[in-house]
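Student: sequence and predicted structure are below.
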Amino acid sequence: MKFKKFGGTEQKVYDLVKPITDELGYYLWDVCYVKEGALWYLRIFIDQDEGITIQDCERATAPINQILDEKDLIPQSYMLEVGSAGLERELLKPEHFEVCEGDRVRIRFIRSVDGEKEIEAVLCGADKDGISVLLDSGEEKKYQLADIAFVKLYMEFE
């Protein structure tokens, strides 16, 4: 696993959209610009402490769409999607790990580590070398980024 670095288009969109999401009271979680089949998608993921509703997505879409049209950063046509980062969102950037310290996470390894392919634990921190967690046994352990496929928030549903 590596911390996500934005591509040129994603970074430009992030810089353009962040003041809008900040003004609306949302946290800009991620920007993804991807091609799927013949279509390009610009996905903007937002969050707030109370969670994100469809109305929040609609409220953010209008000013985001307006500024993107005005600045015309992306030459080809694309589909704009503004949505929630999701309950079990992937942690991709150092600030994601900071915001989620103390939360329960699911870590999937590239190959087995200590006989496990996947674990759930409480996130203690992250740096350029690895991720520190508190295991259910009470042991604090650090896993190397190179061994990790992904880290996601973990929600237990009944």
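Tutor: Sure, I can see it.

Student: residue 127: neighbour count?
Tutor: Residues lying near residue 127 (other C-beta atoms under 10 Å) number 12. Every residue, glycine included, has its C-beta placed from N, CA and C.

Student: would you map the helices across the chain?
Tutor: Counting by DSSP state H, the chain has these helices, from start to end: 8-24, 54-71, 94-99.

Student: tell me the angle of the first one relative to helix 54-71?
Tutor: For helix 8-24 and helix 54-71, the angle between their directions (axes from the mean of the first three to the mean of the last three C-alpha atoms, to 10 degrees) works out to 130 degrees.

Student: who touches helix 8-24?
Tutor: Helix 8-24 is contacted from outside by 6, 27-28, 31-33, 42, 44, 46, 59-60, 63-64, 67-68, 71, 73-74, using C-beta atoms under 8 Å, 6 or more residues apart in numbering.

Student: and if we set it to 10 Å?
Tutor: Helix 8-24 is contacted from outside by 4-7, 26-34, 40, 42-48, 56, 59-60, 62-64, 66-68, 70-71, 73-75, 78, 80, 82, using C-beta atoms under 10 Å, 6 or more residues apart in numbering.

Student: from those, which land in strands?
Tutor: Among the contacts of helix 8-24, DSSP state E puts 27-34, 40, 42-47, 80, 82 in strands.

Student: please convert the buried members of those into ChimeraX selection syntax.
Tutor: Provided next is the ChimeraX selection string for whichever of the ones in strands among the contacts of helix 8-24 are buried by 16 or more other C-beta atoms under 10 Å:
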select :27,28,29,30,31,32,33,42,43,44,45,46,47,82
